[in-house]
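1. Take this sequence and fold it.
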Amino acid sequence: MGEASQDPICGIEYEVLEDIEPDQSIIHVEQGYSFAALPLAQITKDKQFIPIKMLDYDLNWNDRVLGVVPGFIDVDSSDPEHRKLSELYLNKVFKLAIFTGVTALMVNVTNSNNTNLARLCSYHLYTSHGKSIWFRIKVGAEHPEAWQRWSTLLMMLPALQGLCGVVLELGETLPSPEEMARWRGEIVSAISIPTSRFVANAKGCPVLRREVQSLVISLFKYKTQVIIHGRDLHGQGMQSYQQYITHLHGRQARPSVYEEFSAGYEDRLQIPLQPLKDNLDNATYEIFEKDPFKYKQYEEAVYRALLDRGSPPPGQDPTPQVIMVVGAGRGPLVRASMNATKRSSIPTTIYAVEKNEAALTVLRNLLSEERFKGVTIVEHDMRTWEPPEKADIIVSELLGSFSDNELSPECLDGAQRLMKPDGISIPSEYTSYLAPLSSRRLHNAVSVMDKENTRDNVFHMGYVVRIHNANIFDKPQTCFTFTHPNPGPIDNSRHVQLTFTTATDLVMHGFAGYFDARLYGDLYMSIHPDTHSPDMFSWFPMFFPLKTPVCLRAGDTVKLDFWRVAETTKIWYEWVVSEPTPTPIHNSRGETYWIGLYS
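-> Residues are numbered from 1 along each chain as shown. Now for the predicted structure:
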């Protein structure tokens, strides 16, 4: 089971042990299924507990079997006798799950009150050596309480949420789009589809109705697995259901360039770069330089700026221009500026300013090979270099995922003395944005770091992440804007108070950060969800977590205060939610995470 591959992970559920023929070798694989969901025991009519005869079945228990708790077991039953017997039998199933080594154990959640289930599951999860429990819940218009049951259950297992998954069992109707948006913030391990939800096509083969197809296809991108349960109702054999699911998997839209590049990075937290404090390595430069959009946009911006400043009146020569690429790295912006110069036919002097000694080696090699012929290489910090002449155009790529988090404002404010009074900065302006999100997967990822003690106070910093398994439940709002050249007085500290609302009950786990940047005129780059630049993958969004998730009711107002604090040697962010439930101030005084202005 585990993570899905290119093919859909589709399992078959056997509801009673008699449905499996003993001594057959992995019957579910022979039928095309990737795994089997098996009841680990059977409860007889006289309430006797009959465990599965493990040796009767030639199965790969550790990888190909999902254990199922018998439906008879109801540890939250209102009948005290049934409840007591269910507790006894559930503990027996737990022991069988550990002994057989099944990858996970699935239990049906049918009650509105599941406190005893949560209590007993916590015992098992603490002793199961990392094995998971999948909670199966029926969803659809006739089950409006489904998400609330799941969320309440998880709130009772705060330290174990990383071992809990949810299985959505399709009911008679489908969940609304709003409901499915809410489930996007959860870890949906599988979708359970009864054979009764299939209809026969013209050839008599089982297919799903169009609206069900769309729902299943939408879940594939989250690596959600499929469990088929029920008997063959279409006379084509149980393998026909698996074949149809494989067909649906093949109908997914082709991934975009951005999706192809980010494959494998979904929901993986990364510590933000600190290029002023730490020198970037060769691999990081190489990744950035592969972006198919960014440098074309930069080249066009430089080209237009050259035309605006250097184009001559009729009958006169063009005005020579000075371009300074500050933070030149391995030279992609130098190359873009040279291309723009050639296109414009305007005589240009180009300086490449860089402080990273390793990157300077690459620049000098390019110069010696005459690929950067005529470029002046400068080994210096842009903030302290004394140039022989002033620049008409300064070009930089100092932006981070939250626009200013790699200290572009401080760098360009320090470098603007290199410019002529009417000089141009590319980029000329950039803005950060914040949006509230629900994502148990992201929150769990931070929690794992907290348990491993890889960093102190891991909830008090932002992370670069390809946000994927998440519900962004309100539109991003403007946070901070910086303009260059900065007319002054220069103060890069900022504060903003933002207000968001939610249309449904949910749990808020933090905030997503984005940015857009105006390079020159109407040329922009953006990772804002509404205006994301096509195929640009140089930046993933930011995630600012909340240490304690906030439970929200439909119609609640979320009030967020967010600060950018600037001191002489470092910059940091602080954030706090004041409504509807106050949280502690995150990263107070920059004690956990700050961005250094110097090496």
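
2. Give me the residue at the spatial middle of this structure.
-> Relative to the mean C-alpha position of the chain, the nearest C-alpha, by CA atoms, centre = their mean, is the one of residue 467, at 2.0 Å.

3. what's that one in contact with, if anything?
-> In this structure, residue 467 makes contact with 267, 437, 439, 442, 512, 540-541, 543, judged by CB atoms under 8 Å, 6 or more residues apart in numbering. Any C-beta I mention is one placed from the backbone N, CA and C, and that applies to glycine too.

4. I'd like the distance between it and residue 192.
-> Counting by CB to CB, to the nearest Å, the separation of residue 467 from residue 192 is 27 Å.

5. just to revisit the earlier point, which one of the contacts of residue 467 is nearest residue 249?
-> Closest approach between the contacts of residue 467 and residue 249, by CB to CB: residue 267, at 20.7 Å.

6. Give the buried residues for the strand or helix carrying residue 444.
-> In the assignment (DSSP states H and E), residue 444 maps to helix 440-452. Of the residues in helix 440-452, those buried by neighbour count under the rule 16 or more other CB atoms under 10 Å are 440-447.

7. that older thread, what confidence value was assigned to the residue nearest to the centre of the chain?
-> According to the per-residue confidence, residue 467 scores 97 in pLDDT.

8. Where does pLDDT dip in this structure?
-> Scanning the chain with the threshold set as pLDDT under 70 gives 1-8, 17-30, 55-58, 452-456.

9. max-length strand in it?
-> Selection of the longest strand in the chain by residue count, based on DSSP state E, yields strand 506-520.

10. dump the residue contacts of the spatially closest residue to residue 596 that is not a sequence neighbour.
-> Ranked by CB to CB, 6 or more residues apart in numbering and with sequence neighbours excluded, the top spatial neighbour of residue 596 is residue 277, at 3.5 Å. Counting by CB under 8 Å, 6+ apart, residue 277 makes contact with 595-599.

11. Any of the residues you listed buried? List them.
-> For those, a neighbour count by 16+ other CB under 10 Å gives the buried set as 595, 597.

12. so can I have TSV of the contacts of residue 277 showing secondary structure and distance to residue 485?
-> TSV is the format used below for the contacts of residue 277 (DSSP: H, G, I helix; E, B strand; the rest coil; distance: CB to CB, whole Å):
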residue	secondary structure	distance to residue 485
595	strand	22
596	strand	24
597	coil	20
598	coil	23
599	coil	26
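
13. Can you tell me which of the contacts of residue 277 is nearest residue 257?
-> Top of the list for closeness to residue 257, among those and by CB to CB, is residue 595 at 29.7 Å.

14. which SS class is the closest residue to that closest one other than its chain neighbours?
-> Excluding its sequence neighbours, the residue lying closest to residue 595 (CB to CB, 6+ apart) is residue 571, at 4.7 Å. Look at residue 571: counting by DSSP: H, G, I helix; E, B strand; the rest coil, its state is strand.

15. Next, find the distance separating residue 571 from residue 407.
-> In this structure, residue 571 and residue 407 are 6 Å apart, going by CB to CB.

16. Need the overlap of contacts for these two.
-> The contact sets of residue 571 and residue 407 overlap at 595, 597 (CB under 8 Å, 6+ apart).

17. one step back: for the contacts of residue 277, work out which two are farthest apart.
-> The most widely separated members of these, counting by CB to CB, are 595 and 599 (12.7 Å).

18. which of the residues in the helix ranked longest in the chain are buried?
-> Taking DSSP state H as the assignment, the helix of the chain that covers the most residues is helix 80-100. By 16+ other CB under 10 Å, the buried positions in helix 80-100 come out as 85-87, 89-90, 93-94, 96-98, 100.

19. and if you look at stretch 565-574?
-> 565-566, 570-574.

20. repeat for stretch 361-369
-> Across stretch 361-369, burial judged by 16+ other CB under 10 Å covers 362-363, 366-367.

21. Looking at those residues, which is nearest residue 210?
-> Set against residue 210, the nearest of those by CB to CB is residue 362 (54.0 Å).

22. Name the nearest residue to the closest one, sequence neighbours excluded.
-> residue 330 (4.5 Å).

23. quick one, helices of the stretch 151-300 of the chain?
-> Ranges of helices in the stretch 151-300 of the chain, per DSSP state H, counting those that start in this stretch, are 177-183, 210-220, 239-249, 257-262, 282-289, 294-310.

24. Most tightly packed of the ones you listed?
-> Mean neighbour counts were compared across those using mean count of other CB atoms under 10 Å; the top stretch is helix 294-310, at a mean of 21.

25. quick one, it and helix 282-289 angle?
-> With axes from the mean of the first three to the mean of the last three CA atoms, to 10 degrees as the criterion, the two stretches helix 294-310 and helix 282-289 enclose an angle of 70 degrees.

26. packing partners for the helix or strand that helix 294-310 is followed by?
-> Proceeding C-terminally, helix 294-310 gives way to strand 321-326 as the next helix or strand, assigned by DSSP H and E. If contacts are counted by 3 or more CB pairs under 8 Å, 6 or more residues apart in numbering; DSSP states H and E, strand 321-326 sits against helix 294-310, helix 332-344, strand 348-354, strand 391-395, helix 408-415.

27. can you put these in TSV and add distance to residue 31?
-> Below are the helices and strands packed on strand 321-326 laid out as TSV (distance: least, CB to CB, whole Å):
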stretch	distance to residue 31
helix 294-310	48
helix 332-344	53
strand 348-354	61
strand 391-395	61
helix 408-415	57
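
28. Which among those is found nearest to residue 143?
-> Nearest to residue 143, of all the helices and strands packed on strand 321-326, is helix 294-310, at 46.2 Å by CB to CB.

29. residues in contact with that closest one?
-> Applying CB under 8 Å, 6+ apart, the set of residues contacting helix 294-310 is 288-289, 318-321, 323, 332-333, 335-337, 339-341, 343-344, 346-348, 392-393, 395, 397, 424, 426, 519-521, 523-525, 533, 536, 538.
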